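Colleague: Everything below, folded, please.
(chains A, B, C and D)
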Number of protein chains: 2
Amino acid sequence: MADLNKLLTPLFLNEKEIRRIIELMFFSYRDFTSGPDQILEKMNFGRAHHRVIYFVGKQNNLTIKELLSILKITKQSLSRVLNQLVQEKYVILSIGEDKRTKKLSLSKKGIDLEKKLSEIQISNIHSVVKKFNESDINGFKKILFSMIEEKNQIIFNEINYRK
Amino acid sequence: MADLNKLLTPLFLNEKEIRRIIELMFFSYRDFTSGPDQILEKMNFGRAHHRVIYFVGKQNNLTIKELLSILKITKQSLSRVLNQLVQEKYVILSIGEDKRTKKLSLSKKGIDLEKKLSEIQISNIHSVVKKFNESDINGFKKILFSMIEEKNQIIFNEINYRK
DNA sequence: TTATTTAGGTCAGCCATATTGACTTAATTA
DNA sequence: TAATTAAGTCAATATGGCTGACCTAAATAA
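Modeller: Now for the predicted structure:
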């Protein structure tokens, strides 16, 4: 029936409704990041630090190159943020098997900060999704995923389904 | 049945699944903004210019105060961007009935740029949502809305359902 | 009518995050 | 041995936020 619906009303979202989605993205993303942003500010860190800590925490022994490919920023941009995190001992560097590479991991201090920051977002999202049924949540996840460009969907899948 | 589901599995999204949502937000938002960002860059404008043009285009005769309450930035931050847009004749200022206020509107040039920028996002979103059924889309919209903080939900509703 | 509040503007300085370009070192691979 | 790769660094630039201090003019309250 979904397909029938699409055939019958191929434009069942008119421009006005799509503009509402644009605004939903803007408003929801801003509030999605505001919790961690407030904590980071007090520590003289920014959102870029959170991203590094998040992805290093997610995958231990990430290399710089892999991190850059996830974040899609230049190594010069990353280096400022990463150097701070290493100096202040949130992130630990070690040398990889390929001795040109470096492996990134979180210290205890780093893990604690990662938890503190992500817990805000996790609990926010949890308290949202618990109000909805699985069908709504699946629609939400499927559409967000579909909004990611194909080449980045591949990266998304790699970081989530690596062995 | 949705309620029963919730009662039976109050945590049917575990932490790992919620972290996937965090990443979906990060990846999708980045790609959501990348199209307009590229055009703006060539014009020596940024995302902040787009936001101003977007919301002025949405609601003609918006005042500075109203715009600030939507964007939630300081007037000093807005003024740099807005002055450029006025100087380069994308945005037109006029005096309101209350002579302390100013009304913002887009010139022809501004409307053209707004269209050019928003069309990218509109067509991206359109090509995404057409792949899904209304139930998925409704889940997507409901959950995004629910991720907005209450006080900002009110603002969102005001800009969308004003008479 | 005077005092206060409101809408808007401006100057100056600061910080975070991104960019480009040029160049270096060390290790791996062809 | 030559070329490529991973990482690091220096310098300059742009954008987009912020704070604090201060100003004007108009509207509103005392």
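Colleague: remind me which residues of chain A are low pLDDT?
Modeller: A:1-12, A:163 (pLDDT under 70).
Colleague: Go ahead and flag the most central residue of it.
Modeller: residue A:51 (6.9 Å; Cα atoms, centre = their mean).
Colleague: tell me which element that residue is part of?
Modeller: Assigned by DSSP states H and E, residue A:51 belongs to helix A:47-58.
Colleague: can you give me the strands in chain A?
Modeller: A:62-63, A:91-95, A:102-106 (DSSP state E).
Colleague: Are there helices or strands packed against the second one, and which ones?
Modeller: Same thing as strand A:91-95. helix A:47-58, helix A:75-87, strand A:102-106 (3 or more Cβ pairs under 8 Å, 6 or more residues apart in numbering or on different chains; DSSP states H and E). For the C-beta atoms, the positions are set from N, CA and C on the backbone; glycine is no exception.
Colleague: contacts for the first one?
Modeller: Read that as helix A:47-58. Residues outside helix A:47-58 that contact it (Cβ atoms under 8 Å, 6 or more residues apart in numbering or on different chains): A:33, A:36-37, A:40, A:62, A:67, A:70-71, A:73, A:77-78, A:81-82, A:84-85, A:90-91, A:104-106, A:110-111, A:113-114, A:117-118, A:159, B:19, B:22, B:26.
Colleague: Restricting to those, which residues neighbour DNA strand C?
Modeller: A:40, A:73, A:77, A:81 (Cβ under 7 Å from any atom of the strand).
Colleague: For my notes, please list the residues you listed in JSON lines and give neighbour count and distance to residue B:138 for each entry.
Modeller: JSON lines is the format used below for these (neighbours: other Cβ atoms under 10 Å in any protein chain shown; distance: Cβ to Cβ, whole Å):
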{"residue": "A:40", "neighbour count": "19", "distance to residue B:138": "34"}
{"residue": "A:73", "neighbour count": "15", "distance to residue B:138": "35"}
{"residue": "A:77", "neighbour count": "13", "distance to residue B:138": "38"}
{"residue": "A:81", "neighbour count": "21", "distance to residue B:138": "39"}
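Colleague: How about the helix holding residue A:51 and DNA strand C, touching?
Modeller: Yes. Using Cβ under 7 Å from any atom of the strand, helix A:47-58 reaches DNA strand C at A:47-49.
Colleague: Out of the residues you listed, which is nearest to residue A:155?
Modeller: The shortest approach to residue A:155 among the residues of helix A:47-58 next to DNA strand C belongs to residue A:48, at 18.0 Å (Cβ to Cβ).
Colleague: what's around that closest one, how many residues?
Modeller: 18 (other Cβ atoms under 10 Å in any protein chain shown).
Colleague: again, but for the one 5 residues further on
Modeller: Using other Cβ under 10 Å, the number of residues around residue A:53 comes to 27.
Colleague: repeat for residue A:43
Modeller: With other Cβ under 10 Å as criterion, residue A:43 counts 11.
Colleague: which parts of the biggest helix by length in chain A are buried?
Modeller: Scanning chain A for the longest helix, with DSSP state H as the assignment, gives helix A:15-42. Neighbour-count burial for helix A:15-42 flags A:18-33, A:35-37, A:40 (criterion: 16 or more other Cβ atoms under 10 Å in any protein chain shown).
Colleague: So which of the residues you listed would count as near DNA strand D as well?
Modeller: Among these, DNA strand D is touched by none when using Cβ under 7 Å from any atom of the strand.
Colleague: does residue A:18 really touch residue B:119, like I thought?
Modeller: No. Assessed by Cβ atoms under 8 Å, residue A:18 is found out of contact with residue B:119, at 10.4 Å.
Colleague: Quick one: name the residues of chain A near DNA strand D.
Modeller: A:63-65, A:68, A:75-76, A:79, A:82-83, A:93, A:96, A:98, A:100-102.
Colleague: Now rank those by neighbours and give me the top one.
Modeller: Ranking those using other Cβ under 10 Å puts residue A:82 first, with 22 neighbours.
Colleague: what sits against that one?
Modeller: If you count contacts by Cβ under 8 Å, 6+ apart, then residue A:82 has A:52, A:64, A:91, A:104 around it.
Colleague: list the buried ones in stretch A:126-136?
Modeller: Those would be A:126, A:128-129, A:132-133, A:136, for stretch A:126-136 by 16+ other Cβ under 10 Å.
Colleague: quick one: residue A:120 from residue B:57, how far?
Modeller: According to Cβ to Cβ, to the nearest Å, residue A:120 stands 34 Å off from residue B:57.
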